[in-house]
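A.B. asks: Sequence first, predicted coordinates after that:
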Amino acid sequence: YNYPKWIGSDPQFLLCNTVDTVVFENNIKKLQRPYSWQQIATYQGAIHIPYNISTMTIFEHYTANIPMIFPSKSFLLELYQSGNALSQLTWNKTFNTTPLPKRELNNIFDINNVVRLINAADFYDDEWMPYITYFDSFKHLSEVLSQHNSVEISTKMSKINIIRKHQVYKLWKEILEKLS
């Protein structure tokens, strides 16, 4: 990606997804459209209330070394159950259709499937995406932000991103060699 890397010159944190029922503190700014990547790179970090368990924005922010803050697994499940997160968790959820019996993971009426999907979320993978910060409630988010060291986290992310890039190239090389 050729997006600008994190600079963190703005003292605020960016809220990338809205939760209409919550009033956030002054140090959190809601993402306004249109926006530029240069603008996003200036914030102390990006707070994500995800609408899905995997989005390109998450990878783009991680690759740009933008510190990211997510709800913990248990809080994300709570937000999902209250209709404040994961609005596009599955095809059926997005288009309000009934899941086919053979497509078990699309059955979001079974809370066990929702938990399995949350557990598979990219942003909870400590091996591939370390240094993400989590919060257990919106009150806890305030505490987390007051102690957040964006410079340290972004620096660690920049180092791990170099390693990740080499690992991805190595894995793809192995796959391509098997095909040839």
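C.D. replies: Yep, that arrived. As the structure is a prediction and not an experimental result, all values here were calculated from the model. Numbering: from 1, shown residues only.
A.B. asks: Can you show me the helices along the protein?
C.D. replies: Counting by DSSP state H, the segments of the chain that form helices are 37-40, 56-63, 73-81, 91-95, 111-119, 138-146, 150-179.
A.B. asks: Could you dump those into CSV with mean neighbour count and mean pLDDT added?
C.D. replies: For glycine as for every other residue, the C-beta is placed from the backbone atoms N, C-alpha and C. Below are the helices of the chain laid out as CSV (neighbours: other CB atoms under 10 Å; pLDDT from 0 to 100):
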stretch, mean neighbour count, mean pLDDT
helix 37-40, 15, 89
helix 56-63, 18, 92
helix 73-81, 17, 95
helix 91-95, 13, 66
helix 111-119, 15, 90
helix 138-146, 15, 94
helix 150-179, 13, 95
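A.B. asks: can you tell which of the ones you listed is closest to Lys5?
C.D. replies: With CB to CB as the measure, helix 150-179 is the member of the helices of the chain nearest Lys5 (7.3 Å).
A.B. asks: quick one: Phe13 and Val144 touch, right?
C.D. replies: No: Phe13 is beyond contact range of Val144, at 9.8 Å (criterion: CB atoms under 8 Å).
A.B. asks: circling back to that earlier point, Pro130 is nearest to which of the helices of the chain?
C.D. replies: Closest among those, using CB to CB: helix 150-179, at 5.9 Å.
A.B. asks: Who are the packing partners of the closest one?
C.D. replies: When contacts are defined as 3 or more CB pairs under 8 Å, 6 or more residues apart in numbering; DSSP states H and E, helix 150-179 packs onto helix 56-63.
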